[in-house]
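Undergrad: I need the structure of the sequence given here:
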Amino acid sequence: MLAAIAFTSLLFWVGLVHVLDGLLLIFLILLHSGKGGGLSDMFGGSIGATAAGSTVVERNLDRITLITALIFSFTTVVFALLLS
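TA: Below is the predicted model:
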């Protein structure tokens, strides 16, 4: 009985992290500037991008997006292992 409750609780928390991380990943990908500028222009992401190449903000956005994608991949694998 206790094992079933622990398993259900673990499944809930992994699912919650997975959904929140997926939403964060969508938001971060939309912030990236592509050909058309993307949503990062709204927050001043392209102010120094033309003169200095890649700005510090863009590099940090890349790092945060990569970490978020790794967490999303990890939770996907954990889901596959828990439900198999």
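Undergrad: just the helices in the protein please.
TA: Remark: helices assigned in the chain by DSSP state H are 2-31, 49-52, 56-83.
Undergrad: and the second one, what's its mean pLDDT?
TA: When you say that, I think you mean helix 49-52. Averaged across helix 49-52, the pLDDT comes to 53.
Undergrad: what's the answer for stretch 13-26, then?
TA: Averaging pLDDT along stretch 13-26 yields 96.
Undergrad: and stretch 1-9, by the same measure?
TA: Across stretch 1-9, pLDDT averages out at 89.
Undergrad: contacts for it, please.
TA: Under the criterion C-beta atoms under 8 Å, 6 or more residues apart in numbering, residues Leu82 lie in contact with stretch 1-9. To be clear about C-beta, it is placed using only N, CA and C from the backbone, and glycine gets the same treatment.
Undergrad: and it, how far out from the chain middle?
TA: Its chain's C-alpha centre and that of stretch 1-9 lie 28 Å apart, by C-alpha atoms, centre = their mean, to the nearest Å.
Undergrad: and that stretch, what's buried?
TA: Of the residues in stretch 1-9, none has enough neighbours to count as buried (16 or more other C-beta atoms under 10 Å).
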